[in-house]
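S.K.: need the 3D shape of this:
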Amino acid sequence: MLAVIDAAAEAYRGRIPDDCWHEPYMPEAELRSEIDSGVLFYGIDHSGALVALMGVQQVRDVHLIRHAYVLPRHQGEGLGGRLVEHICGLVPGRILVGTWAAAEWAIRFYQRHGFVLQPSTAT
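M.R.: I've put the predicted structure just below:
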């Protein structure tokens, strides 16, 4: 999981605030903490190796897509779409996604899958 996350997160390098970028992008302790806090991960393998994953967490009456990563060499194959459609079919009610404003590709991906961009509430 960590290898997929770190390889895919390279797309954020230089695009997100410097104080939010670190190497590895998600240390093992952080991944374990996410799982311990209730994030459920779903993945897709190719020839026995994990190539894509997405994490979802229920918070009160909504589900949050917290993580979505596809190995760069497998991007554009529809794997992220398969995962988001799987999650949307599993969980009831509203699903929210948060992503970096600079990640235009991620915003376009979610919009193609029916999500609607909401204005930021950050101040």
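S.K.: next SSE downstream of the longest helix seen in the chain?
M.R.: The longest helix of the chain (DSSP state H) is helix 79-90. Per DSSP states H and E, the first helix or strand lying C-terminal to helix 79-90 is strand 94-97.
S.K.: so which elements touch that next one?
M.R.: The contact analysis (3 or more Cβ pairs under 8 Å, 6 or more residues apart in numbering; DSSP states H and E) places strand 94-97 against strand 62-70. For the C-beta atoms, the positions are set from N, CA and C on the backbone; glycine is no exception.
S.K.: now the helices for this structure?
M.R.: Secondary structure of the chain (DSSP H): helices at 2-9, 28-36, 79-90, 104-112.
S.K.: so can I have a markdown table of those helices showing distance to V59?
M.R.: Formatted as a markdown table, the helices of the chain follow (distance: least, Cβ to Cβ, whole Å):
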| stretch | distance to V59 |
| --- | --- |
| helix 2-9 | 21 |
| helix 28-36 | 13 |
| helix 79-90 | 14 |
| helix 104-112 | 18 |
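S.K.: perfect, that will be all.
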